[in-house]
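In: Just a sequence and a predicted model for now, questions to come.
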Amino acid sequence: MKERPSFGGRALTILTFIFLYAPIVVLIVFSFNSSNSRTVWSGFTFDWYVELFEDSLIMSSLSTTLAVSVISALIATVAGTAAAIGFFNMKKRMRGPLLAVNNIPLINADIITGVSMCLLFVAAFGILGNFTGWLNSVFGLDLPTRFTLGFGTLLIAHITFNIPYVILSVMPKLQQMDKNLMDAALDLGCSPLSAIWKVVIPDIMPGIVNGAIIAFTMSIDDFVISFFTAGSTSQTLAMAIYTMTKKRVSPKINAISTLLFTTVLILLVIVNIRSSRQEKKYNASLKAKKSVAR
Amino acid sequence: MRARSFAYPYVLWMALFVVAPIVIIVIYAFTTADGGFTFENFASMGGTYLSVFGRSFLLAIIATAICLLIGYPVAYSLAREKSCLQGIIVMLIMLPMWMNFLLRTYSWMSILENTGLLNRFFSAIGLFDLINAISGFINETFGTNLSTDLEYFEMINTQGAVVLGMVYNYLPFMILPIYSVILKIDSSYLEAARDLGAPPRTVFRKVVFPLSLSGVLSGITMVFVPAVSTFVISDLLGGAKIMLLGNLIQMQFLGSTYNPHLGSAIALIMMVVVIICMTVMNKFGDEEEQAVMF
């Protein structure tokens, strides 16, 4: 499209940006407010940041969030890549329905995924409790008979909603891959496993990395599914924030927002600079090749 | 070992944690607390429940429509900017989404409150004095009884605030898919249309819009599904006054009125309605390729 946007279009874009960023600016500005009002400015301070780091509840929920995001993203990346390779090598008749099931967590509203898993865990724990109770009474063991939702169920839920994202980002890379590569590796004496490890995996690596990043951010950002599957014993940062919005207001919440926002901003800037540098390198090498060819 | 067996562990995982939870929802929806089969969960949903259903769908539809009205022109003019500028703008649109949506919604609370920033701004520019003076003047001349002590606009805890929260949170989900589809439109189609004498309006109506329909449809589903199922936005911006489907479900599972059977029935209805909407949508955009977010 050659022609430039109209004045009205640009104005609407600018207004949209004001709309998108105004609340964020408000949050950041009031994180430095010396009184605990969220609407009246009364001086500059860093106190809320100090208090934030002294708040053991927030710090422990932060470590829960990081733990569940990292572990679930890692497991989901490995499992999702394996599943994608498996799906890719299936007959279409088999693959279609399985991919449809794989899409369910993506299409379903978060709240339905959350409550359905919550019900599953409660039901499974009920059966498990009865079973261990029976074991205890028959064999005189001392196994626990009551199980509650906690970090384990939270982790299972996160892995479950992360795997589809990994599969969705690995699948296209598999489809783009040259089919002859795999055959060549097998002809040259690779076992199927080492062919996958040495040929397929390196080829689809960008998709895997992309999937891992998406899974990690989805995990960090999730509130609804965690809310229903974490039980009362473990709490993610998003859950802590939700509890804070219900109680008396504290600018600590603004301080968290500011820190999270700056972290994301810095990460994005680094990623962008790196990718544009790589592009420049790539272009330079392309130019060099062309001049050699001449 | 066949490559397709790589997928078997995940197939088992899906059976356990994707399919089984939905089966359990269905079972719970049709049973009573002591396990007997019943339709009572659905039959008891008359009256207030019906109005909650109606309100949820109405607010979600309004929010989706507003997102489309803002999002389409923004995406359209964005696709016509210089490409280096486009990259920056797209990043700026995605950036707020990386900040937890609880925090962004929370910020609107401090803007919309009765003593919030917006009302303070209105009062600082003398808007309320002006309105009071006008009402006083009308009262004197026409003998009416308008109130002259307006101190703030009631914005928080209204349906309008909830719609605003939905638009704010889900607007990027509308802009990005539409943008990515418009960007892919071959500009020679537009040139051909212009060469054949179509005025700009007709080019848009007959060429650009039909070709961008798949993006519009995926934008609509990406906004509508989370909007109709939210419980956080209505919780924070609607106070306890605006009850939505999400709140209803949440209350049955974690709230005061614990009744997972009723909650499952509501969740099941929501799931079925969403699936019907998606199928209808997909029928429309069948031949178009699906717009992808990432």
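Out: Thanks, I have it.
In: switch to C-alpha atoms for all contacts and neighbour counts from now on
Out: Fine.
In: Find me the pLDDT at residue B:146, would you?
Out: The model reports residue B:146 with a pLDDT of 80.
In: got it, and the one 5 residues further on?
Out: pLDDT recorded at residue B:151 is 83.
In: Could you do the one 10 residues further on as well?
Out: With respect to pLDDT, residue B:161 scores 95.
In: mind listing what it touches?
Out: Shown in contact with residue B:161 (C-alpha atoms under 8 Å, 6 or more residues apart in numbering or on different chains): B:112, B:155, B:237-238.
In: does the helix or strand of chain A with the lowest mean pLDDT come close to chain B?
Out: Between all helices and strands in chain A, the lowest mean by mean pLDDT, DSSP states H and E belongs to helix A:252-293, at a mean of 78. Yes: applying C-alpha under 8 Å from any C-alpha of the partner chain, one finds that helix A:252-293 is in contact with chain B at A:253, A:257, A:260-261, A:264-265.
In: same for that helix, what does it pack against?
Out: Applying 3 or more C-alpha pairs under 8 Å, 6 or more residues apart in numbering or on different chains; DSSP states H and E, one finds that helix A:252-293 makes contact with helix A:7-30, helix A:47-54.
In: Just after the last one, pick out the following helix or strand.
Out: As assigned by DSSP states H and E, the chain's next helix or strand after helix A:47-54 is helix A:56-88.
In: and that next one, does that touch chain B?
Out: Yes: on the criterion C-alpha under 8 Å from any C-alpha, helix A:56-88 is in touch with chain B at A:79-80, A:82-88.
In: One more: stretch A:236-250?
Out: Yes: applying C-alpha under 8 Å from any C-alpha, one finds that stretch A:236-250 is in contact with chain B at A:238, A:241-242, A:245.
In: Next: stretch A:46-53.
Out: No: judged by C-alpha under 8 Å from any C-alpha, stretch A:46-53 stays clear of chain B, getting no closer than 15.2 Å.
In: Relative to the whole chain's centre, how far out is that stretch?
Out: On the basis of C-alpha atoms, centre = their mean, to the nearest Å, stretch A:46-53 sits 27 Å off its chain's mean C-alpha point.
In: repeat for stretch B:72-91
Out: On the basis of C-alpha atoms, centre = their mean, stretch B:72-91 sits 22 Å off its chain's mean C-alpha point.
In: How about stretch B:60-75?
Out: The gap between where stretch B:60-75 is centred and where its chain is centred comes out at 9 Å by C-alpha atoms, centre = their mean.
In: same deal with stretch A:91-99?
Out: Stretch A:91-99 has its C-alpha centroid displaced from the chain centroid by 26 Å (C-alpha atoms, centre = their mean).
In: Can you name the residue of the stretch 151-294 of chain B nearest to chain A?
Out: Among all residues of the stretch 151-294 of chain B, residue B:187 sits closest to chain A, at 5.4 Å; criterion: C-alpha to the nearest C-alpha.
In: okay, now that residue: neighbour count?
Out: Residue B:187 is flanked by 14 other residues according to other C-alpha atoms under 10 Å in any protein chain shown.
In: for the one 5 residues further on, same thing?
Out: Burial of residue B:192, expressed as a neighbour count using other C-alpha under 10 Å, amounts to 12.
In: before we move on, what about residue B:31?
Out: 19.
In: Excluding chain neighbours, give the residue nearest to it in space.
Out: Of all residues not flanking residue B:31 in the chain, residue B:37 sits nearest, at 4.5 Å (C-alpha to C-alpha, 6 or more residues apart in numbering or on different chains).
In: And for residue A:5?
Out: With sequence-adjacent residues excluded and distances taken as C-alpha to C-alpha, 6+ apart, residue A:5 is closest to residue B:77, at 4.8 Å.
In: Can you get me a residue count around residue 165?
Out: Assuming you mean chain A. Look at residue A:165: counted by other C-alpha under 10 Å, it has 25 neighbours.
In: my question was about chain B
Out: Using other C-alpha under 10 Å as the criterion, the residues surrounding residue B:165 number 26.
In: Verify the stated contact: it with residue B:103.
Out: No: between residue B:165 and residue B:103 no contact is recorded; they are 11.7 Å apart, counting by C-alpha atoms under 8 Å.
In: Residue numbers of the stretch 151-294 of chain B in contact with chain A?
Out: Taking C-alpha under 8 Å from any C-alpha as the criterion, the stretch 151-294 of chain B approaches chain A at residues B:168, B:187, B:190, B:225-226, B:229-230, B:236, B:246, B:253-254, B:267, B:271.
In: Show the pLDDT at the nearest residue to residue B:200 once chain neighbours are set aside.
Out: The spatial neighbour of residue B:200 that comes closest, neighbours along the chain excluded (C-alpha to C-alpha, 6+ apart), is residue B:194 at 7.6 Å. Here the pLDDT value assigned to residue B:194 is 91.
In: pretty sure residue B:194 is touching residue B:203, no?
Out: Yes: judged on C-alpha under 8 Å, residue B:194 makes contact with residue B:203 at a distance of 7.0 Å.
In: which stretches of the chain aren't confidently modelled?
Out: I went with chain A, as the question did not name one. Within chain A, the ranges that satisfy pLDDT under 70 run A:1-3, A:248-249, A:289-294.
In: Please refer instead to chain B.
Out: When the per-residue scores of chain B are filtered using pLDDT under 70, the ranges that remain are B:1, B:284-294.
In: Sticking with residue B:149, tell me its helix or strand.
Out: Residue B:149 belongs to no helix or strand when elements are defined using DSSP H and E.
In: how about it, what does it touch?
Out: When the contact criterion is C-alpha under 8 Å, 6+ apart, the partners of residue B:149 are residue B:132.
In: coming back round to it: nearest to residue A:185, of the helices and strands packed on helix A:252-293?
Out: Put simply, out of these the one that sits nearest residue A:185 is helix A:7-30, at 51.0 Å, with distance taken as C-alpha to C-alpha.
In: Name the residues of the closest one that are buried.
Out: Neighbour-count burial for helix A:7-30, counted by 16 or more other C-alpha atoms under 10 Å in any protein chain shown, picks out A:9-10, A:12-13, A:16, A:20-24, A:26-30.
In: in which helix or strand would I find residue B:269?
Out: Under the criterion DSSP H and E, the helix or strand holding residue B:269 is helix B:260-284.
In: Show me which positions of that helix end up buried.
Out: For helix B:260-284, using 16+ other C-alpha under 10 Å, the buried residues are B:260-268, B:270-271, B:274, B:278, B:281-282.
In: JSON lines please, covering the helices and strands packed on helix A:252-293 and showing distance to residue B:211.
Out: Listed next are these as JSON lines, based on distance: least, C-alpha to C-alpha, whole Å:
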{"stretch": "helix A:7-30", "distance to residue B:211": "20"}
{"stretch": "helix A:47-54", "distance to residue B:211": "50"}
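In: Distance-wise, check residue A:25 relative to chain B.
Out: Remark: distance between residue A:25 and chain B (C-alpha to the nearest C-alpha, to the nearest Å) = 9 Å.
In: ok, the residue nearest to residue B:113 when sequence neighbours are not counted - contacts?
Out: Across the structure, with C-alpha to C-alpha, 6+ apart as the measure, the residue nearest residue B:113 apart from its sequence neighbours is residue B:156 (5.5 Å). Contacts here follow C-alpha under 8 Å, 6+ apart; on that basis residue B:156 touches B:109, B:112-114, B:237-239.
In: cool, and residue B:11?
Out: Residues in contact with residue B:11, defined by C-alpha under 8 Å, 6+ apart, are residue A:98.
In: distance between the strand or helix carrying it and the chain's centre?
Out: Residue B:11 is part of helix B:8-14 when elements are defined by DSSP H and E. In terms of C-alpha atoms, centre = their mean, the centre of helix B:8-14 is found 32 Å from the chain centre.
In: packing partners for the very next helix or strand once past it?
Out: Moving toward the C-terminus from helix B:8-14, the first helix or strand encountered (DSSP H and E) is helix B:20-29. On a contact count with 3+ C-alpha pairs under 8 Å, 6+ apart, helix B:20-29 meets helix A:110-139, helix B:260-284.
In: Noted, bye for now.
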